[in-house]
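Q: how would this look folded up:
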Amino acid sequence: MKKKINRRNAIKTGAVSCLGASLASYTTKKAIAAEDDRRFLIVVTATGGGSIIDSFLPIQESSINQPGLSTYTSQQIFKPEGSEIATVHPFSNLKIQGLEVATAANNMVTFLENNYQNTAILCHEVTSVNHEEAQKRAMNGNSANRGETILEAVARRHGNGLLIPSCNMSVNGYAQPGQYPKTPESARPLLISNPKNFAFTTHASKGVLNAPDESLLNRARKIRGSVEKRGQFWQTFQNNSRLSSYIAARNSLTSFEEANLIEKLMIVKESEGEFPLDDYGLNPSPLLEILNKSFPNLMFDAIQAQAALAYLLLKGNISSSVAIGPSFNLEIDTNNKIINPPLSFDFSHSDHRNAQNFTWHRLMGTVDSLIALLKATNYKGNPELGTLWERTLIYIATDFGRDKILQPSGGSGHHTNNASVIISPLIKGNKIYGGIDEASGLTYGFDLNKGNPTPGINGIREPHIYSLITQAMGIEFPNQINMSAVIKS
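A: As a prediction, this is how the structure comes out:
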């Protein structure tokens, strides 16, 4: 039997708040977005380094390929009719470290069938092969916008009035805050370490046995604030910005309680062994049945749980930017089958092709299910405002690429050459921006004015990807690169 959860442990593992993630409103004109102009960003991280030639730019084996290049037979490559983009079928009988892997109905093939028209591959080079530094640069465009991360930029522009403008469920460098000192504290992402437990952190008394009456709790809060201001600590640090941010974040909890986030965001079901909700007077989200159909493994697959919570955050108009992605930790299901390889995509050091194939399929299958929900959901429940998907951009962020020529052992190292995947109705999809040299496996870039490929030259870097996303989101900043060749007019 699984260990019975208690509310204290749930709160500890559910969320780690960046100070100041609250209801604070923005004041600059460009920061304020009207409700009918709001857009949403979902960053999905290919933690460890997802290889584009093993996902959406597969190379068919031929006599011109360099020995050792990761290539595929024509039977292994799938390309939907009408699509410019291809992918690789799931490997059969795949094992990692001798263990079977868990398979799901949705994978890269179903993703591409359903979404190729809104998918763009942008071939580029990155500027670091250090995991944490490369991850940070994938999020901040290598400090393209004064160090502000893409999550923060979108929250600043589109998060006005939302309870939690930005949430980040990813790890390591992807989870680091930006370095722009003028980013409002309210635009800093709330870090969520465990999406299954997050709802418990949004209420101070619900779910607590024999909790005091709400009126008594509010009275205690009022007295606490009064007493604090008489203490020496307050007298010493009352003008410290961190203390002010902490107080603002603490006070915002009442808004979470009033919005009943503890039930709206409760993605777990009643479970006697692990989540005895009935014993604590709690109910799951009214949408849990829909979530379980889309993400049937959310109780033990962290990516599916993250995607389920991301959907509720966007549907409830609670957040404007969200990041999800695998960790470096080994995950197994109830049948001892691997869900997430150790080191995620970076297990490629030991077994490149199997690690890439399985992890890409797992990730994009979840993305496919998430997009299907966004397509089926009207913004604010109003058909006249269009669907959530019409307002959303998904960015598959990766640390870096992998070596094109595999080691004799079948492993691969880090490489700066790769590509990013963007999925959105806001961009000109069904297109590869740039291309690939099928002899070497190296990608090349494209002309910024017309989007035409530039064989042998790849001048596309992290600031280009950052500029593309912000431009699609209606955000401007100094030194932004014009990426209109990729944006729908």
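Q: can you map out the strands along the stretch 151-300 of the chain?
A: With DSSP state E, counting those that start in this stretch, the ranges of strands along the stretch 151-300 of the chain come out as 166-168, 190-191.
Q: Which pLDDT value goes with the residue nearest to Ala307 when sequence neighbours are not counted?
A: Spatial nearest neighbour of Ala307, chain neighbours left out: Leu370 (4.6 Å); criterion: CB to CB, 6 or more residues apart in numbering. The way it works is simple: take the backbone N, C-alpha and C, and place the C-beta from them, glycine included. Reported pLDDT at Leu370 in the predicted model: 98.
Q: Quick one: neighbours of Asp278, just the number.
A: 11 (other CB atoms under 10 Å).
Q: how far away is it from Phe345?
A: 40 Å (CB to CB, to the nearest Å).
Q: What of Ala187?
A: For Ala187, the distance to Phe345 - CB to CB - is 29 Å.
Q: do Leu122 as well
A: 18 Å.
Q: So for these two, which residue has more residues nearby?
A: Set Leu122 next to Phe345 and count neighbours by other CB under 10 Å: Phe345 wins out with 29 against 25.
Q: Helix, strand or coil: sort out the more buried one for me.
A: Per DSSP: H, G, I helix; E, B strand; the rest coil, the secondary structure class of Phe345 is helix.
Q: Now for it: which residues touch it?
A: 46-51, 326, 355-356, 359, 398-399 (CB atoms under 8 Å, 6 or more residues apart in numbering).
Q: again, only this time at 6 Å
A: By CB atoms under 6 Å, 6 or more residues apart in numbering, Phe345 lies in contact with 46, 48-50, 359.
Q: Arg391 now?
A: Residues in contact with Arg391, defined by CB under 6 Å, 6+ apart, are 39-40.
Q: confidence score at it?
A: Here the pLDDT value assigned to Arg391 is 98.
Q: before we move on, back to that, among the contacts of Phe345, which two are most distant?
A: Maximum pairwise distance in those, criterion CB to CB, is 10.1 Å, between Gly49 and Thr359.
Q: Tell me, what's the model's pLDDT at the nearest residue to Asn297 once chain neighbours are set aside?
A: Counting by CB to CB, 6+ apart, Gln304 is the residue found nearest to Asn297 once chain neighbours are left out, at 5.2 Å. Here, the pLDDT recorded for Gln304 equals 97.
Q: how close does Gln304 get to Gly413?
A: 30 Å.
Q: Run a quick check on Glu125 versus Thr416, I expect a contact.
A: Yes: Glu125 lies in contact with Thr416 (CB atoms under 6 Å); the separation is 5.0 Å.
Q: correct me, but Ala187 touches Ala155?
A: Yes: applying CB under 6 Å as the test, Ala187 and Ala155 come out as touching, 4.0 Å apart.
Q: Overlap in contacts, those two.
A: Pro165.
Q: Could I get the full set of strands for the stretch 351-489 of the chain?
A: Under DSSP E, counting those that start in this stretch, the stretch 351-489 of the chain gives strands at 392-398, 401-402, 414-415, 417-423, 431-433, 435-436, 443-444.
Q: Tell me which of these sits most buried.
A: Comparing the strands of the stretch 351-489 of the chain by mean neighbour count (mean count of other CB atoms under 10 Å), strand 401-402 ranks first with a mean of 28.
Q: what's it in contact with?
A: Under the criterion CB under 6 Å, 6+ apart, residues 49, 51, 348, 412, 415, 417-418 lie in contact with strand 401-402.
Q: out of those residues, who's nearest Glu384?
A: Using CB to CB, the contacts of strand 401-402 come closest to Glu384 at Asn418, 40.7 Å.
Q: who's the residue nearest to the closest one when sequence neighbours are not counted bridged to?
A: Once flanking residues are discounted, Asn418 sits nearest to Gly401: 2.9 Å by CB to CB, 6+ apart. With DSSP bridges as the criterion, Gly401 is bridged to His415.
Q: just Ile405 next, same as before
A: Applying DSSP bridges, one finds that Ile405 bridges with Leu69.
Q: in terms of contact, does it touch Pro67 like I think?
A: No: Ile405 lies out of contact with Pro67 (CB under 6 Å); the separation is 7.6 Å.
Q: So between the two, which is more surrounded?
A: Ranked by neighbour count (other CB under 10 Å), Ile405 and Pro67 place Ile405 first, with 15 against 6.
Q: per-residue pLDDT, that one?
A: pLDDT at Ile405 comes out at 98.
Q: Repeat that for the one 5 residues further on.
A: The score at Gly410 is 97. That number is its pLDDT.
Q: Look up how far Glu331 lies from it.
A: Counting by CB to CB - Gly410 and Glu331 are separated by 22 Å.
Q: how about the helices of the stretch 51-200 of the chain, start to end?
A: 108-115, 131-140, 150-158 (DSSP state H, counting those that start in this stretch).
Q: a markdown table for those helices, including distance to Arg219 and mean neighbour count?
A: As requested, the helices of the stretch 51-200 of the chain are exported to a markdown table (distance: least, CB to CB, whole Å; neighbours: other CB atoms under 10 Å):
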| stretch | distance to Arg219 | mean neighbour count |
| --- | --- | --- |
| helix 108-115 | 53 | 20 |
| helix 131-140 | 43 | 24 |
| helix 150-158 | 34 | 29 |
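Q: Nearest approach to Gly459 belongs to which of those?
A: Distance to Gly459, taken as CB to CB, is lowest for helix 131-140 among the helices of the stretch 51-200 of the chain, at 16.2 Å.
Q: which residues are in contact with the closest one?
A: Contacts for helix 131-140 (CB under 6 Å, 6+ apart): 126, 128, 147, 149-150, 172-174, 176, 178, 397, 399-400, 462.
Q: Check the secondary structure at Ile42 for me.
A: The three-state label given to Ile42 by three-state DSSP is strand.
Q: hang on, the earlier thing: between all of the contacts of strand 401-402, which two are separated the most?
A: So, these by CB to CB: farthest apart are Ser348 and Asn417, at 14.7 Å.
Q: Can you give the distance from stretch 476-489 to the centre of its chain?
A: For stretch 476-489, the separation from the chain centroid amounts to 22 Å (computed by CA atoms, centre = their mean, to the nearest Å).
Q: quick one: average confidence on that stretch?
A: 96.
Q: surely Gln179 meets Gly147?
A: Yes: taking contacts as CB under 6 Å, Gln179 lies within contact range of Gly147: 3.3 Å.
Q: what helix or strand is the nearest residue to Val171 once chain neighbours are set aside on?
A: Distance criterion CB to CB, 6+ apart; nearest residue to Val171, sequence neighbours excluded, is Ser327 at 4.9 Å. Here Ser327 sits in a region with no helix or strand, counting by DSSP states H and E.
Q: the more surrounded of Glu125 and Thr416?
A: Here Glu125 and Thr416 are compared on neighbour count by other CB under 10 Å; more neighbours surround Glu125, at 20 against 15.
Q: Just the ones in helices from the contacts of Phe345, please.
A: Among the contacts of Phe345, DSSP state H puts Thr359 in helices.
Q: Please consider this matter closed, and thank you.
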